[in-house]
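Engineer: Sequence and predicted structure are below.
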Amino acid sequence: MSHKPIMFYDGGCPLCRREVEHYRRVDQAGNVDWVDIDQQPNSLQPYGIELTSAMRHLHVVDSSGAIHRGAYAFSVVWAELPYYRRLNHLLSTLRVFGPLNWAYLKFADYRFKKRGFCSVDHC
């Protein structure tokens, strides 16, 4: 059974919201389902994704049901979007998603702490 990829994003984060709004404009064919977990936190339950984890890092469920997070989640989305398909192919060919994922996770953790979702003891 194949479905469209689902991107779960933090719509309460201005930076995240702007980026997803851009991707949605590019996705004129409707190849991706966009779910604002700030407004629909229960949408994560069928996939076993914790809200805190999804608020901290981008999560995407691909068309086969596999869950991806971080830069790997972006790769799934970019593969569905015009213009970004080429970028995704280039980055995959160059095998840079590992370092990009490391950088993304560091940035996302910083954003999460700055937004006040956690204390130093819990992050």
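Structural biologist: Thanks, I have the structure now. Residues are numbered from 1 along each chain as shown.

Engineer: Chain neighbours aside, what residue packs nearest to residue 83?
Structural biologist: Nearest-residue entry for residue 83: residue 26, 6.4 Å, with adjacent residues in sequence omitted and distances by CB to CB, 6 or more residues apart in numbering. Yep, even glycine has a C-beta here, placed from its N, CA and C like the rest.

Engineer: If we go by neighbour counts, what in stretch 45-63 is buried?
Structural biologist: Neighbour counts using 16 or more other CB atoms under 10 Å place 49, 51, 54-63 of stretch 45-63 among the buried residues.

Engineer: can you check stretch 105-117 too?
Structural biologist: 105, 108, 111-112, 115, 117.

Engineer: Closest one to residue 3 out of the buried residues of stretch 45-63, please.
Structural biologist: Closest approach between the buried residues of stretch 45-63 and residue 3, by CB to CB: residue 63, at 5.7 Å.

Engineer: ok, which stretches of this structure are helices?
Structural biologist: 14-26, 51-56, 71-78, 84-93, 97-115 (DSSP state H).

Engineer: Identify whichever of those helices lies nearest to residue 8.
Structural biologist: Set against residue 8 and scored by CB to CB, those come closest in helix 51-56, at 5.1 Å.

Engineer: returning to what we had before: mean pLDDT and distance to residue 40 for the helices of the chain - can I get that in JSON lines?
Structural biologist: Below are the helices of the chain laid out as JSON lines (pLDDT from 0 to 100; distance: least, CB to CB, whole Å):
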{"stretch": "helix 14-26", "mean pLDDT": "95", "distance to residue 40": "13"}
{"stretch": "helix 51-56", "mean pLDDT": "92", "distance to residue 40": "10"}
{"stretch": "helix 71-78", "mean pLDDT": "97", "distance to residue 40": "17"}
{"stretch": "helix 84-93", "mean pLDDT": "96", "distance to residue 40": "24"}
{"stretch": "helix 97-115", "mean pLDDT": "90", "distance to residue 40": "18"}
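
Engineer: what's stretch 35-48 in contact with?
Structural biologist: Contact with stretch 35-48 is made by 6-13, 17, 50-51, 54-55, 59, 61, 67, as judged by CB atoms under 8 Å, 6 or more residues apart in numbering.
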